[in-house]
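Novice: how does the following fold in three dimensions:
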Amino acid sequence: MEYKITLPLTQEDAEKLRIGDYVYLSGQMYVARDAAHKRMTETLERGEELPIQLKDETIYYMGPSPAREGRPIGSAGPTTASRMDKYTPRFLDMGLRGMVGKGKRTKEVLDAVIRNHAVYFAAIGGEGALLSKKILSSEVIAYEDLGAEAIRHITISDFPVVVVADCHGGNLYESAIKEYRVD
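Specialist: This next block holds a predicted model:
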């Protein structure tokens, strides 16, 4: 199936999605990588408030390159999601609804996706320049000292992703291996 979804991602939207679905995301989402995830976890461990609200939000695992003149952001390809896996179940339990990255996730993350009616999308690696054209604005909102790993708030339009883990237990990485395996 093919869907156009306006963020924030609702539980209803997440529940209708299945692995292999093509989705075009529009609206606003956060950008954060491993250094920001680590700092957010340390913030929670100190009993402090996060600099962003996670409920029904989507985080794109991406570290942008510098913007060219007239553009809000440089190349914006996905980062390997497994770098965030040790932090992700906690964030999903706090209400995070969607994640965009590339690569496989741990069982703990996939279990948390199911438990929290969330979804993991993949963006195509190597298409950072093309993906950046779907980003209309970008603003650093926390941890500016982390440079490219600072938390950003971006506005996107028809940002192309594929559902690779859904809240029904589907995992495209596993099912595709079975489907295309030659014994």
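Novice: output the contacting helices and strands for the helix ranked longest in the chain.
Specialist: When the chain is parsed with DSSP state H, its longest helix is helix 34-45. Judged by 3 or more C-beta pairs under 8 Å, 6 or more residues apart in numbering; DSSP states H and E, helix 34-45 is in contact with helix 88-93. In this view, the C-beta of every residue, glycine as well, is placed from N, C-alpha and C.
Novice: give me the next element, helix or strand, following the helix it packs on.
Specialist: strand 98-101 (DSSP states H and E).
Novice: now stretch 73-84: buried residues?
Specialist: I73, G74, S75, A76, G77, P78, T79, A81, S82, R83, M84 (16 or more other C-beta atoms under 10 Å).
Novice: I meant stretch 93-102, not that one.
Specialist: Neighbour counts using 16+ other C-beta under 10 Å place L96, R97, G98, M99, V100, G101, K102 of stretch 93-102 among the buried residues.
Novice: ditto for stretch 20-31
Specialist: D21, V23, Y24, L25, S26, Q28, M29, Y30, V31.
Novice: need the contact list for the last one.
Specialist: For V31, the set of contacting residues under the criterion of C-beta atoms under 8 Å, 6 or more residues apart in numbering consists of I59, Y60, Y61, M62, P64, S138, I151, R152, H153, I154.
Novice: count of residues packed around the third one?
Specialist: It refers to Y61. Close neighbours of Y61, defined as other C-beta atoms under 10 Å, add up to 24.
Novice: likewise for the last one?
Specialist: Burial measure for I154: 22 neighbouring residues, criterion other C-beta under 10 Å.
Novice: which strand or helix spans it?
Specialist: Using DSSP H and E, I154 falls in strand 151-165.
Novice: tell me the angle of that strand relative to helix 34-45?
Specialist: Angle, strand 151-165 to helix 34-45, by axes from the mean of the first three to the mean of the last three C-alpha atoms, to 10 degrees: 100 degrees.
Novice: go through strand 151-165 and flag the buried ones.
Specialist: So, applying 16+ other C-beta under 10 Å, buried residues of strand 151-165: I151, R152, H153, I154, T155, I156, F159, V161, V163, V164, A165.
Novice: taking these together, which two end up most distant?
Specialist: Farthest pair in the buried residues of strand 151-165 (C-beta to C-beta) is T155 and A165. Separation: 25.1 Å.
Novice: tell me where the model's unsure across this structure.
Specialist: Within the chain, the segments meeting pLDDT under 70 span 176-183.
Novice: just the helices in it please.
Specialist: Under the criterion DSSP H, the chain contains helices at 11-16, 34-45, 88-93, 107-115, 128-132, 172-180.
Novice: please identify the deepest-packed of these.
Specialist: Of the helices of the chain, the one with the most neighbours on average (mean count of other C-beta atoms under 10 Å) is helix 88-93, at a mean of 20.
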